[in-house]
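K.L.:
Below: sequence and its predicted model.
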Amino acid sequence: MSWLLIAIGSALGGVARHAVGLFVTQKWGSVFPWGTLTVNVVGSFSIGVLGALVAVSQRTSTADAVRELLMIGFLGGFTTFSAFSLQTLQLMRDGRPAYALANVSVSIAACLLAVWLGYVLGQFLSFRSGQSP
């Protein structure tokens, strides 16, 4: 069953990534890879929340299903390190090293901040629901 949950989550995450990427590119343009940055920051925040919630829950089949469907599947399909890498290389090749450096710097900083904030929120939600972190 876990393979099926991961496959369904991955498919949905990939479609969501494509939709968010198109939306963001239409809004902000394609000079900078805003779509990829957006999905990676949102995905980092989301996995932080889910990671905290799953960490405090007891090992149950429900917690395992959430981890497989959402964390491994959906967020694995939603976020994308390979696109980030290719876009950074393309910025370098296009003679935009400052944009490439900005993409790397902002992506790392924003994603680490987002996962931390998500984890803090997840711990708060767990505490509010009566589970101890």
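P.N.:
In hand now; what should we look at?
K.L.:
Val49 sits in which helix or strand?
P.N.:
helix 34-56 (DSSP states H and E).
K.L.:
Going by neighbour count, list what's buried in stretch 121-133.
P.N.:
Within stretch 121-133, the residues that count as buried by 16 or more other C-beta atoms under 10 Å are 122-123, 126. (Glycine included, C-beta is placed from N, CA and C.)
K.L.:
Mind putting those into CSV with pLDDT, distance to Ser105 and secondary structure?
P.N.:
Below are the buried residues of stretch 121-133 laid out as CSV (pLDDT from 0 to 100; distance: C-beta to C-beta, whole Å; DSSP: H, G, I helix; E, B strand; the rest coil):
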residue, pLDDT, distance to Ser105, secondary structure
Gly122, 94, 26, helix
Gln123, 93, 28, helix
Ser126, 88, 32, helix
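K.L.:
of those residues, closest to Gly51?
P.N.:
Using C-beta to C-beta, Gly122 is the member of the buried residues of stretch 121-133 that sits closest to Gly51, with 6.6 Å.
K.L.:
Please name the nearest non-neighbouring residue to that closest one.
P.N.:
Ranked by C-beta to C-beta, 6 or more residues apart in numbering and with sequence neighbours excluded, the top spatial neighbour of Gly122 is Ala52, at 2.6 Å.
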